[in-house]
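1. Model the following, please.
(2 chains)
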Amino acid sequence: MTRAKETPFLRLKGSLVAETIALIDFGAGNLHSVHNALMATGASGVVVTADPDVVAKADRIVLPGVGAFGACRDALSAIDGMIAAMERRVRQEGAPFLGICVGMQLLADKGIEFGEHQGLGWISGTVHAIEAPSADIKIPHMGWNDVTPTTGHDLLEVGEAYYLHGYHFDAANAADIFATTFHGRTLVSAIGRDNIVGVQFHPEKSQAYGLAFLKRFLEWKP
Amino acid sequence: MTVRIRVIPCLDVADGRVVKGVNFVDLKDAGDPVEQARAYDAAGADELCFLDIGASHEKRDTIIDVVRRTAEVCFMPVTVGGGVRTADDARALLMAGADKVAVNSAAVSRPEVVSDIAGRFGSQCMVASIDARQVDEGRWEIFTHGGRTPTGIDALEHAMRMAELGAGELLVTSMDRDGTRDGYDLSLTRAIADAVSIPVVASGGVGNLDHMVDGVIKGGANAVLAASIFHFGQHSISEAHDALRAAGLPARGSS
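-> Here you go, the predicted structure:
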C-alpha cells in the first residue's frame, strides 16, 4: 500500500462528488484491516495518509489504533502537524470523525497505561485498565459482546461486535456515552459528541455488523 | 449478557496451502487457505486461527501473503501461529492483517520474546501457545516441535510465566488428546484457566459438540478451538453456538 496524496476524483453522474475519507496512517496494527473494511463497504475515496494536508481537506477522518495508548499517542504526535490538522478539520470545521479502539481511547484527556499519557482531550475522560471484579472475568476483554445503544445515535444499532482491549474509556460525562457493553462491569462501547464518534469495538473485525456500522459512518450527516 | 464464548476453527497451513482443512463441496480450491477462511467468515466463526506448520524461517513470506489476502476479504479476527520467533516476525503478521500472533517454541526457549511482543504491540495481540502432555497425575509438561520434544518445564508454571510476561491469551493444546477426538484434556485446561487472569483457549481433541461445552463448563475455557469437526462438515459453526447456548453459556447469535 502506498501513502497516497490523492485529490478526490469527481463523480459527475447525479452530481455526486466522491468524498475523501482520510484514514490516518501512524503505523497502527489495524490500519490495513480498517482500510480493507472501508473498501468492502464500497467506499471509493479512501486515502491512507500520513499527510496533514490531506487530513486538513478530508471530508471524513478515521483514526485506527491498537496496542498501548502511549505508543499510539507518540506515533501520532510524531507526524508533524497531524494533530493540529485533525483539531482544525474535526473540531473547528466539523468533519465527521471516527476513532477505533485505541483511536477512540485517544479522544480522552489522558491514558494511564505504562505511565500517564496525554490524550487529544476531545471527549472528557481517562483511559484506565479494566479491573476484573471476580476471577472468572478475564482481562483483556476479548471476543464478541453487545453493543447496547444508550441514546438514539444515528450510527449505533443493537448488535454484537468484536472487542479486544485491556483498557477502557472512563467517561467524565454520561451524556458523551453513545453505547455500552458489559464485561464484569459496564464498559463504554461508543462515545462522542456532535461530529465525533469513537468505538471501542473493532468494526473492521465484526463481520456484517461492523461493515454496516462503517457504511453508516460514511453516510453520516451529523 | 457478557462476552461470548468464542468458537474458533483452526486451519493448518504449510507453504501457503491448507493441509488439514474444510471439505466444503462448493470450494473451488479447497487447498486455498483464503477460500477456506471466507467460508468460515460467512459461517459466522468468532475468530479464525491459521497454524503455519510448514513454518521454516525462510518461508515466512508465504504465510504473510496468506494473511494479507485473507484480511482483504474476511472481516473477523485472525490469529496466526507457527514459526513466530521475534517481535519483528509478529510485526510482519500484524501489519499484514493478523489481529493476534501465537508464539510457541520461541516462548519456551526465549520467554522474553513474549514481553517484547506485548511491549511493542500490546498484550491483546500476544497469544502464548502451550503444547503440553500429562506426565503424572495432575502434572503436565511442555513439549515442543509438534509434541515430540520434552522440555522438562512444568506446564502450569510456564502458563503463569507467560501471563506475567504480558501474554494476553493462552492457547492450551493437549498433545495427548490432539487428533484423538476424545475431547479436551479438561483437567489441564481447568488447572491453567484457574491459575491465570487472561483468557484461555481450549485445544486438542474435539470430537463432538459436547466436548466444546465441557471445555467451557468443566475446563473453564473462554474459547474453544477445533479443526476436523468443522472441516469435514460434521458440525457447523452455528451448531456449535447453539450447543453452547443450550448449555446456558453465552454464544453469538440468538438463532
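
2. Write out the residues of chain A neighbouring chain B.
-> Residues of chain A lying close to chain B (Cβ under 8 Å from any Cβ of the partner chain) are A:29-33, A:36-37, A:40, A:66-68, A:71, A:132, A:135, A:138-146, A:160, A:162-166, A:182-184, A:202, A:204-207, A:210-211. In short, each C-beta sits where N, CA and C put it, glycine included.

3. which residues does B:A247 contact?
-> Residues in contact with B:A247, defined by Cβ atoms under 8 Å, 6 or more residues apart in numbering or on different chains, are B:V213, B:V216, B:I217.

4. so where's the longest helix in chain A?
-> Ranked by residue count under DSSP state H, the longest helix found in chain A is helix A:207-219.

5. quick one: which of the residues of chain A next to chain B sit in strands?
-> When these are checked against strands (DSSP state E), the matches are A:H141, A:M142, A:G143, A:W144, A:N145, A:D146, A:E160, A:Y162, A:Y163, A:L164, A:H165, A:F182.

6. give the contact list for the fourth one.
-> Listed by Cβ under 8 Å, 6+ apart, the contact set of A:W144 reads A:E160, A:A161, A:Y162, A:Y163, A:S206, B:V3, B:R4, B:R6, B:D46, B:R252.

7. And the last one, how close does it get to chain A?
-> This means B:R252. Remark: distance between B:R252 and chain A (Cβ to the nearest Cβ, to the nearest Å) = 5 Å.

8. what ranges do the strands span in the stretch 151-255 of chain B?
-> For the stretch 151-255 of chain B, strands defined by DSSP state E, counting those that start in this stretch occupy the ranges B:169-174, B:200-203, B:223-226.

9. tell me the most buried of these?
-> Mean neighbour count, computed with mean count of other Cβ atoms under 10 Å in any protein chain shown, is highest for strand B:200-203 among these, reaching a mean of 30.

10. just to revisit the earlier point, which of the contacts of A:W144 lies closest to B:A155?
-> Checking the contacts of A:W144 against B:A155 by Cβ to Cβ gives B:R6 as the nearest, at 22.0 Å.

11. Looking at the stretch 51-200 of chain B, what residue ends up closest to chain A?
-> Per Cβ to the nearest Cβ, the residue of the stretch 51-200 of chain B with the smallest distance to chain A is B:G122, at 3.5 Å.

12. Apart from its neighbours in sequence, what residue is nearest that residue?
-> The spatial neighbour of B:G122 that comes closest, neighbours along the chain excluded (Cβ to Cβ, 6 or more residues apart in numbering or on different chains), is A:G67 at 3.5 Å.

13. per-residue pLDDT, the one you found?
-> Confidence per residue is given as pLDDT, and for A:G67 that number is 87.

14. Next: B:K28.
-> Per the predicted model, pLDDT is 63 at B:K28.

15. Going by neighbour count, list what's buried in the longest helix of chain A.
-> For helix A:207-219, a neighbour-count test (16 or more other Cβ atoms under 10 Å in any protein chain shown) marks A:Q207, A:Y209, A:G210, A:L211, A:F213, A:L214, A:K215, A:R216, A:F217, A:L218 as buried.

16. Was I right to think the residue nearest to B:G122 contacts A:G27?
-> No: with contacts counted by Cβ atoms under 8 Å, A:G67 stays clear of A:G27, the gap being 9.8 Å.

17. out of these two, which sits in the busier spot?
-> Just comparing A:G67 and A:G27: by other Cβ atoms under 10 Å in any protein chain shown the higher neighbour count belongs to A:G67, 24 against 17.

18. how near is that one to B:H235?
-> Distance from A:G67 to B:H235, counting by Cβ to Cβ, to the nearest Å: 35 Å.

19. Report the contact partners of A:N195.
-> Taking Cβ under 8 Å, 6+ apart as the criterion, A:N195 is in contact with A:V90, A:G94, A:A95, A:P96, A:F97, A:P222.

20. I'd like to know how far it sits from chain B.
-> 25 Å.

21. On the pLDDT front, check the closest residue to that residue other than its chain neighbours for me.
-> By the measure of Cβ to Cβ, 6+ apart, the closest residue to A:N195 outside its immediate chain neighbours is A:P222, 4.2 Å from it. Here the pLDDT value assigned to A:P222 is 94.

22. returning to what we had before: for the residue nearest to B:G122, grab phi and psi.
-> Backbone dihedrals for A:G67, given as degrees, to the nearest 10, come out at phi 90, psi -150.

23. Contact distance from chain A - what residues of chain B qualify?
-> B:1-6, B:41, B:44, B:46-47, B:68, B:71-73, B:75-77, B:94-97, B:99-100, B:120-125, B:168-169, B:194, B:197-200, B:222-223, B:252-253.

24. ok, 7 Å please
-> When proximity is defined by Cβ under 7 Å from any Cβ of the partner chain, chain B lies next to chain A at B:1-4, B:6, B:41, B:46, B:71-72, B:75-77, B:94-95, B:97, B:99, B:121-125, B:168-169, B:197-199, B:222, B:252.
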